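Asks: starting from these lines, generate the structure:
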Amino acid sequence: MACFLVPTAAAIVTTAVGKKASEKYHFNWLNSMLWGGVAMLAIEHISHGEFVPYPPFLTAGLPEVWPEMMRVGVPMTLVIFLIWGVMVVVSARMSKKAKYVEAN
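Replies: Prediction:
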């Protein structure tokens, strides 16, 4: 019902932080992954009638929403951060290797 709220909050924060961070951290990748996931989940929840365009927006109350956010939203967001971290490390190593090859 509201698992998309966790990556939404993370995407808002990383969008703001990414503007000030070094390009080597590729925050654009992270933001694309987060916002893309948010859009997909929002569409899925709208299509199932769990999210509506009028208040209170969520068709379930906080007692139902909170556990789902903790059980689904948090792990999903952490996996996105993990994948992004791996991508940044691989990119840095590939860049370092390319510079070494060019120098020799």
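Asks: got any ranges where this structure has weak pLDDT?
Replies: Along the chain, the parts satisfying pLDDT under 70 run over 1, 104.
Asks: longest helix in it, by residue count?
Replies: Ranked by residue count, the top helix of the chain under DSSP state H comes out as helix 74-103.
Asks: give the buried residues for that one.
Replies: 76, 77, 80, 84, 88 (16 or more other C-beta atoms under 10 Å). Where you see a C-beta, it was placed from the backbone N, CA and C, and this is true even at glycine.
Asks: does the third one touch residue 33 like I think?
Replies: What that stands for is residue 80. Yes: in this structure, residue 80 is within contact of residue 33 by C-beta atoms under 8 Å, at 5.2 Å.
Asks: re earlier: from the contact counts, what lies against the longest helix of the chain?
Replies: helix 5-18, helix 27-47 (3 or more C-beta pairs under 8 Å, 6 or more residues apart in numbering; DSSP states H and E).
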